[in-house]
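Student: I would like the atomic coordinates for the input below:
(chains A and B)
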Amino acid sequence: MARYLLRRLGLLLITLWLMSIAVFVLTAVLPGDEAQIILGQFATPGSIAALHKQLHLDDPVVVRYLRWIGGFVTGDWGTSPSNSDAPITSLIPDRLGNSLILAGSALLVIVPTSIALGVTAALRQNRLSDRAISVGTLSLMAVPEFITGTILLFVFGVSLHWLPTDSIAAIGGSPLASPSHLVLPALALGLVFFGYVSRMMRASTIGVLESAYVRTARLKGMPRHRVLLRHVLPNALGPTLTVVASQVGYLVGGLVVVERLFNYPGIGTLLLGAGLSHDVPLLEDCVMIIAVIYMLSNLCADFLNAALNPRVRFGTG
Amino acid sequence: MQTSGYSERLMQARTAHGVAAAAALEKPAGSRPDAALLGRRWRETLVALLQIPSAVLGGLVVLFWALCAVFWPLLAPYNPTIPDYTHALARPSLAHLAGTDPFGRDVLSRVLAGSRQVLILAPTATAIGLTGGILIGLLTAYYGGWLDDILSRVMEAIMAFPLIIIALTVLFMFGASPLNTILVIGIAYVPLVSRVVRAAAMSVRDLDYVSAARLRGARGPEIMLTEILPNISGPVAVEATVRIGYAIFTIASLSFIGLGTGPDSTDWGSMLYALKDYLPIDPWMVLAPALAIASLVVALNLLADGLRQATRA
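Tutor: Next up is the predicted model:
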C-alpha cells in the first residue's frame, strides 16, 4: 500500500511540475511583454522599463521560471497589480475557502440524492422508472452549469420566490452565515454530478444484487430492507465514491462559471477578474492553485480506490 | 466475370503461397473493408440507431439546429443585429415570440442566428482534435514501446484537467478570437481523442487480418490507415459526437464568461450573460438562449449514447 501511494505521489509531483511549466509558458513567455500587458496599450516606454526592472522581466526565461516556482512553493506569491499591489497570499485563501464551501455544499446535497436515485434505478431495473432516470440524468449531465443555474434561478428565485436571487448577503462575510444563498449555486454546480454518480451507483448496485451473498441473505429470510442496508449498500458504495472523487475536476471547471453567474466571491471570480484586468501574476498563481487542488483531489480519489480495492494496490487491478 | 477471376486467384494463392496469403486475399468479416462493405456497415448502424427513441430525438434536434445554422436568414423573422429602440424590452407576443432585448432586437431571431457561429466553431475544433488524436492514437497503439507508457501516464493525469480553465488562460493571454478558441479547444482535444483511438486500435491490433496484412508486405502506415482505422470507426464516431457536444458546452461557457466575440455578437453564451439580470422582468429573453444551448448539447449526447449502443450491436 505504501509503495503504491508513494508512486502516485511521485507521479503527482512530476505532473504538477509539468503543469507549472505549461502555465508559466502560457502566461509569462508566449504572450509577449508582460509589462506591456499589465500596463496596457497607452503605457509610456519609461513606465514599461520601470516595471521590467521591478518584475525582473529582463532575466533569462529559466531564471524567471525558477524564481516564480520557487516563490510559489515557499509561500511568496508576489503582488497583484490589479488589486493595488496587495500581496497575493492575502487574496487567495479567503476566496479559496469560499469556493471550497460551495463545492462542499454541492457534494453534500447532490451525492446522497444521486446515490438514492441510482439504487432506485437498480431496484427497478429496465422498467420505465429506470429508463426515465437514465435519460434524465444523462441530459442533466450534458447541460452547462450556468444554464441549469439560470433555470434554477428562474424557477426558485423569480417564479416561486423561495430563494434569494442576489449574491452573498454580506460582502466580505462568510457564505456560511447565510445558507439560503448557498443553495442555488450549490445545486447548479452539483447537478452535473447527478448523472455520473447515479449511473455508477446503479451499475454497482446491480452487480451486488446479483452476487451470491445477497442471494444467501434473501434465502435466509432476511427482510428486504435489511438486505439493502447491511449488504447491498456498503458494497455498492465503494466504486461510486471513487468515481465521485475522480470527478472533482468537473467541479473546478464549473466553479468558475457558477461563481460568475451568482456573483459568488470565490476563486473562480478571482481568476476571472485577474484575466479580465490582465493581472498576470495573480492569474498565474490562481491557475497554479487550482491545478494543485485538482491534482490533490485526484490523489485522494486514488487513495480511496486503493483502500477499497485491494487489486489496485497490488498491481492487478 | 469478376468473381471467377477472383476465385482463380484465390486457388493460385492457396497453392503457391500458403494459407496465410490466401487468408489475406479472402475477405473475412472485419478485414480490409472496401467501400461497399463500409457503406453496408454504416447503413446497418443507421438502422440500429433509428430504433433507439432517444437517439432519434437527439438526431432530430441536431438536424434542426444544423439547418438553422445554414438557413437562419430565411427562418428568422427579424434582423438580429439592427437595434430598434421603439420596441425595446417587449414582452413575448405574436410579433416577437420571445420578446425583444434592451436594444429592441428580436430575441428569437438572435437565438436562431447564434446557431451558426457555435456550429462552425465546435465541429472545426473537434476536427482538429480528431486529426491529431487519431494520428497520435494510431501511432502509439501500433508502435507502442516505452514512449507510449510514459505518454499515457502523463496524459492520464493532465487530461481530465478542466478544459475551461486551460481555455480561459489561453484566451485571456492571447485574446479571445474565434481562431484562438478553435485552436485551444482543438489542441486540448488531441490527448483526449488519442486515448480513445489508442484503446480501440489496440483491441484490433492483434487480430489476424493485421498479421495477414503484414505478411502481405504492407508497412506500418498502410496497415494503420487501411486495416485498423476503418475498423475502429465506430468508437471514433461516438467520441467525435461527444467531443462536439462538449466543445459547444465549452464555447458557450467561455462566451458566458466574456471571452466570446464581442458584446454585439449573437453567440448564445454572451447573450445569456448580458441579459441575465432581466430574468425577473422578462424570463423568456434569458431562457431562449439557455434552452437553445441545453437542447443542442443534450441532443448531441443522446445521439452519442445511441451511436454507442448501435455500433456495439
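
Student: and the next element down the chain from the strand or helix carrying residue A:110?
Tutor: Per DSSP states H and E: residue A:110 is located in helix A:88-123. Using DSSP H and E, the next helix or strand after helix A:88-123 towards the C-terminus is helix A:128-142.

Student: Show me what counts as buried in that next one.
Tutor: Within helix A:128-142, the residues scored as buried using 16 or more other Cβ atoms under 10 Å in any protein chain shown are A:130, A:133, A:134, A:135, A:137, A:138, A:139, A:140, A:141, A:142. All C-beta atoms are positioned from the backbone trio N, CA, C, and that covers glycine.

Student: OK, contacts around the last one?
Tutor: Shown in contact with residue A:142 (Cβ atoms under 8 Å, 6 or more residues apart in numbering or on different chains): A:195, B:245, B:249, B:294, B:297, B:298, B:300, B:301.

Student: again, only using 10 Å
Tutor: A:192, A:195, B:242, B:245-246, B:248-249, B:294, B:296-302, B:304-305 (Cβ atoms under 10 Å, 6 or more residues apart in numbering or on different chains).

Student: now it, nearest residue through space, not along the chain?
Tutor: Excluding the flanking residues, the one nearest residue A:142 by Cβ to Cβ, 6 or more residues apart in numbering or on different chains is residue B:301, at 4.1 Å.

Student: Ramachandran angles for that neighbour?
Tutor: As for residue B:301, its main-chain torsions (degrees, to the nearest 10) stand at phi -70, psi -40.

Student: so what pLDDT did it get?
Tutor: As predicted, residue B:301 sits at a pLDDT of 88.

Student: Please list all residues in contact with it.
Tutor: Residue B:301 neighbours (Cβ under 10 Å, 6+ apart): A:138-139, A:141-143, A:195, B:54, B:58, B:241-242, B:245-246, B:249.

Student: now the buried residues of helix A:128-142 as TSV including pLDDT?
Tutor: Listed next are these as TSV, based on pLDDT from 0 to 100:
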residue	pLDDT
A:130	82
A:133	82
A:134	81
A:135	79
A:137	81
A:138	78
A:139	79
A:140	80
A:141	78
A:142	79
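
Student: tell me the contacts of residue 104?
Tutor: As the question left the chain open, I've gone with chain A. Taking Cβ under 10 Å, 6+ apart, one finds A:182, A:186, A:251 in contact with residue A:104.

Student: Oops, wrong one, chain B.
Tutor: Contacts of residue B:104 (Cβ under 10 Å, 6+ apart): B:78, B:82, B:83, B:84, B:85, B:86, B:87, B:88, B:89, B:90, B:96.

Student: which one is it nearest to, not counting chain neighbours?
Tutor: residue B:84 (3.6 Å).

Student: Over to residue A:78?
Tutor: Per Cβ to Cβ, 6+ apart, closest to residue A:78 is residue A:281, 4.6 Å.

Student: and that neighbour, how far is that from residue B:259?
Tutor: 20 Å (Cβ to Cβ, to the nearest Å).

Student: For the contacts of residue B:104, work out which two are farthest apart.
Tutor: B:82 and B:89 (16.2 Å; Cβ to Cβ).

Student: Looking at those two, which has the bigger crowd around it?
Tutor: Set residue B:82 next to residue B:89 and count neighbours by other Cβ atoms under 10 Å in any protein chain shown: residue B:89 wins out with 15 against 10.

Student: I'd guessed the more buried one sits against residue B:106; true?
Tutor: No. Using Cβ atoms under 10 Å, residue B:89 is not in contact with residue B:106, being 11.9 Å away.

Student: which residues are common contacts for those two?
Tutor: B:99, B:100.

Student: quick one, what contacts the residue of chain A found nearest chain B?
Tutor: Proximity of chain A to chain B (Cβ to the nearest Cβ) peaks at residue A:253, 3.0 Å away. Shown in contact with residue A:253 (Cβ under 10 Å, 6+ apart): A:145, A:192, A:268, A:290, A:294, B:160-168, B:249-250, B:253.

Student: picking up where we left off before, tell me which of the contacts of residue A:104 is nearest to residue B:119?
Tutor: Nearest to residue B:119 among the contacts of residue A:104, with distances taken as Cβ to Cβ, is residue A:251, at 28.5 Å.

Student: Please name the residues that touch the closest one.
Tutor: So residue A:251 contacts A:99-100, A:102-104, A:106-107, A:145, A:189-190, A:192-193, A:244, A:258, A:293-294, A:297, B:162 (Cβ under 10 Å, 6+ apart).

Student: need the residues of the stretch 51-200 of chain A near chain B, please.
Tutor: A:131, A:134-135, A:138-151, A:153-155, A:157-159, A:161, A:165, A:192, A:195 (Cβ under 10 Å from any Cβ of the partner chain).

Student: ok, which residues in the stretch 1-150 of chain B are in contact with chain A?
Tutor: Residues of the stretch 1-150 of chain B lying near chain A (Cβ under 10 Å from any Cβ): B:53, B:54, B:57, B:58.

Student: what about the helices in chain B?
Tutor: B:2-17, B:19-25, B:35-50, B:53-75, B:107-143, B:145-159, B:163-174, B:178-205, B:208-216, B:220-223, B:229-231, B:233-257, B:268-275, B:283-312 (DSSP state H).

Student: Next, format the ones you listed as CSV and append distance to residue A:70.
Tutor: Formatted as CSV, the helices of chain B follow (distance: least, Cβ to Cβ, whole Å):
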stretch, distance to residue A:70
helix B:2-17, 66
helix B:19-25, 60
helix B:35-50, 55
helix B:53-75, 50
helix B:107-143, 34
helix B:145-159, 22
helix B:163-174, 21
helix B:178-205, 28
helix B:208-216, 50
helix B:220-223, 45
helix B:229-231, 47
helix B:233-257, 31
helix B:268-275, 38
helix B:283-312, 43
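
Student: Out of these, which gets nearest to residue A:64?
Tutor: Here helix B:163-174 is closest among the helices of chain B (Cβ to Cβ), at 15.6 Å.

Student: could you give the angle of that closest one to helix B:233-257?
Tutor: Angle, helix B:163-174 to helix B:233-257, by axes from the mean of the first three to the mean of the last three Cα atoms, to 10 degrees: 50 degrees.
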